[in-house]
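Undergrad: Structure for the following, please:
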Amino acid sequence: MAALASAARSRRRLLPYLYRLLHSASTTAVSPSPSTSRFLRHASPVPRTPDHSPYLRFPAARVSTLPSGLRVVTQAYPVATRIASVGVWVDAGSRFELPGTNGTAHFLEHMAFKGTRRRPNAQVLEVEIEDMGARLNAYTSREQTTFFADVQARHVPAALDVLSDILQHPRFPERAIQRERGVILREMEEVQGMMEEVIFDHLHAAAFQGHPLGDTILGPEENIRSISKKDLEQYISTHYTCPRMVVSAAGSVSHDEVVDQVKELFTEFSTDPTTADQLVQANPAIFTGSEVWFVRTGSYFNTFLGHFN
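TA: You can find the predicted model right below:
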């Protein structure tokens, strides 16, 4: 019994000591004292502020006007060593259309990639663009239509060749026209369900009543169903003229080289000297000031009001 009592007393004296020892070790492991901490290696012993100035220096754009009236604009970025963006900007959008042909500019944008004389169908064009690792796209607004490509710098000449070809030698096959009607009609249905698009169209209609600037870019359904190959060709010959076009290039590009390529490729457009500014002055958009109520039930927006004084 005496031995057991002695052992019990020893355990009682030992347990507090062990508890303090373990608690001290645990605390040291989790929260080491700053005075005893030691860094084995500094990843960056000297703080350094990165120099972003090369990326913030925007070089001046260079502009050359060819004898045809077509303008070439470039902006070379020294830090862009491998990429470039090239485009063709045309002062021709829905505001230059007639009531019976409203929607032609947008329809033409869709048809531009359906084949040319040298690239007989859309698949041939798509493969060529994919092989370059490029991106080809276009969009139409009320005052402009734009075709552009993002490419590796070494493919800039090829991209300019594609852009010049689709604008100068489009084929407009009848089957593709019929197929694209359905695409645009579905696009129209999607747009009519987008509040921001519907409101913007009605704002233009309210502000510029009776003027093409108040019409929609896609055009009415009856026009989309009736636009023909002749309408598309007529729109190009009338509005895709050199004085109303700009060929642009930015990134790893040489201005002189781009100018030489444009001179060689963009040779078949009309040189009619009439500019978009002259057409706007001849048919100015008069701000009417009006009020439009648009009510749609069963939608996430119910009432639209456009009010201009």
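Undergrad: So Y77 sits against A153, correct?
TA: No: Y77 is not in contact with A153 according to CB atoms under 8 Å; the separation is 10.5 Å. C-beta here means a position set from N, CA and C on the backbone, and glycine is covered the same way.
Undergrad: Spit out the residues that contact those two alike.
TA: Counting by CB atoms under 8 Å, 6 or more residues apart in numbering, the contacts common to Y77 and A153 are 251-252.
Undergrad: Return the residues in contact with P173.
TA: Listed by CB under 8 Å, 6+ apart, the contact partners of P173 are 114-115, 121.
Undergrad: from those residues, which is closest to F147?
TA: Nearest to F147 among those: K114, at 13.3 Å, using CB to CB.
Undergrad: Can you tell me the closest non-neighbouring residue to that closest one?
TA: Spatial nearest neighbour of K114, chain neighbours left out: A176 (4.3 Å); criterion: CB to CB, 6 or more residues apart in numbering.
Undergrad: Low-confidence stretches in the protein?
TA: Scanning the chain for pLDDT under 70 picks out 1-48, 54-55, 294-309.
Undergrad: So which residues of it form strands?
TA: According to DSSP state E, the chain carries its strands in the segments 62-65, 71-76, 83-90, 135-140, 145-152, 245-251, 291-295, 303-307.
Undergrad: want to throw the ones you listed into CSV with mean neighbour count and distance to T267?
TA: Output for the strands of the chain, formatted as CSV (neighbours: other CB atoms under 10 Å; distance: least, CB to CB, whole Å):
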stretch, mean neighbour count, distance to T267
strand 62-65, 14, 16
strand 71-76, 20, 14
strand 83-90, 21, 14
strand 135-140, 16, 21
strand 145-152, 20, 17
strand 245-251, 21, 12
strand 291-295, 12, 46
strand 303-307, 13, 46
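Undergrad: With distance to S164 added, can I get those strands in JSON lines?
TA: JSON lines is the format used below for the strands of the chain (distance: least, CB to CB, whole Å):
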{"stretch": "strand 62-65", "distance to S164": "17"}
{"stretch": "strand 71-76", "distance to S164": "12"}
{"stretch": "strand 83-90", "distance to S164": "8"}
{"stretch": "strand 135-140", "distance to S164": "13"}
{"stretch": "strand 145-152", "distance to S164": "10"}
{"stretch": "strand 245-251", "distance to S164": "9"}
{"stretch": "strand 291-295", "distance to S164": "42"}
{"stretch": "strand 303-307", "distance to S164": "41"}
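Undergrad: Which of those sits closest to E128?
TA: Each of the strands of the chain has some distance to E128 by CB to CB; the shortest is strand 135-140, at 9.3 Å.
Undergrad: any idea of the angle the closest one forms with strand 83-90?
TA: Put simply, strand 135-140 runs at 30 degrees to strand 83-90, going by axes from the mean of the first three to the mean of the last three CA atoms, to 10 degrees.
Undergrad: tell me what strand 135-140 is packed against?
TA: Counting contacts by 3 or more CB pairs under 8 Å, 6 or more residues apart in numbering; DSSP states H and E, strand 135-140 is packed against helix 104-111, helix 122-131, strand 145-152.
Undergrad: which one is S237 nearest to, not counting chain neighbours?
TA: S270 (6.4 Å).
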